[in-house]
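1. Mind looking at a prediction? Sequence and model below.
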Amino acid sequence: MYRLPSETALPEFLETLSMANKLIRLGARPPVVQHLCGIGRKVAIRLYKEVHHCPSKSGMLPYDSYWIARSSMNALHASIFLGMYSDFSQLVTQKPAHATRFMTAYGLYLETVGRVFNDNRLDVSSDQGNFLGINRAWHLIQQVNSRESRLVLCATCQSRHIVLNTLPKFYQRCPICEVWAEKNIRRNKAACSGWQRTLASGSRLSTS
C-alpha cells in the first residue's frame, strides 16, 4: 500500500501513480519519475521495483551537454521531440501536467519516428533505429529550461531545430538540411561508382 500524501485527493494520487507506472515502463529511472510526477524518492524506487522486479541501475543518469552536437542524427531526434514538447506546453491541463505533457510528446515522438524513419527516403544512417531514450529526453528539456539550448527556425527548410547556446553560430546548423545533404553525397558517390564500373567494363570489352 502507498501512503496518501496530505491534502491530496485519492483520484489525483491514483492518477499520479498510473502516470509514474507508464513512465517506468518506457524506461524512465526513479529520479526522472520523481521529478515529473512530484512523488517521493522512496515511492519512485518502489514503483520501479514493482514494474521491473529488480532495483534501478545505479550511477548517474545519462547527461552530456554536447550530445546534441555530436551528430546530425542526435540533433534531429532531439529537435523532433523538443518541437512536439513545445507544441504541447500550452495544451495540456490534465494533472500531473508536467508528466502528462512529457508523456504525450514522447509518445508522439516514438510514433512519428517509428513511422517516418522506416521510410527509405530517409535511409541515411544505420543508427536510425536508435530512438531517443526517455531519460535523455528528460535531460534535453532540462537543458532548454536552463537556457543551455533553444529551438530556432531554419531559414532554408523552415523547420525548427535545437541549437546549443554555448557553441559558435557555425556549429548551430539545421540537422534536417545536414541529413539530406549527407544522403545526396552518398547518392552521388554511388552513381559515380556505378558509372566507373560501367566504363571499366566497356573498356575491357573494347580491348578484347
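-> Great, that's in hand.
2. Report the secondary structure state of residue 163.
-> The three-state label given to residue 163 by DSSP: H, G, I helix; E, B strand; the rest coil is strand.
3. Now do the same contact list for the nearest residue to it once chain neighbours are set aside.
-> Excluding the flanking residues, the one nearest residue 163 by C-beta to C-beta, 6 or more residues apart in numbering is residue 172, at 3.8 Å. (Glycine included, C-beta is placed from N, CA and C.) Listed by C-beta atoms under 8 Å, 6 or more residues apart in numbering, the contact set of residue 172 reads 152, 163, 164.
4. Redo those residues as TSV? Include pLDDT, distance to residue 146 and neighbour count.
-> TSV is the format used below for the contacts of residue 172 (pLDDT from 0 to 100; distance: C-beta to C-beta, whole Å; neighbours: other C-beta atoms under 10 Å):
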residue	pLDDT	distance to residue 146	neighbour count
152	94	17	14
163	93	14	20
164	93	12	18
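5. From these, pick the one nearest residue 76.
-> residue 163 (12.6 Å; C-beta to C-beta).
6. got the phi/psi numbers for the residue nearest the centre of the chain?
-> With distances taken as C-alpha atoms, centre = their mean, the residue of the chain nearest its centroid is residue 132 (3.4 Å). Main-chain torsions, residue 132, degrees, to the nearest 10: phi -70, psi 120.
7. quick one, what contacts the nearest residue to it once chain neighbours are set aside?
-> Leaving aside its chain neighbours, residue 132 sits nearest to residue 77 (4.4 Å; criterion: C-beta to C-beta, 6+ apart). Contacts for residue 77 (C-beta under 8 Å, 6+ apart) come out as 113, 131, 132.
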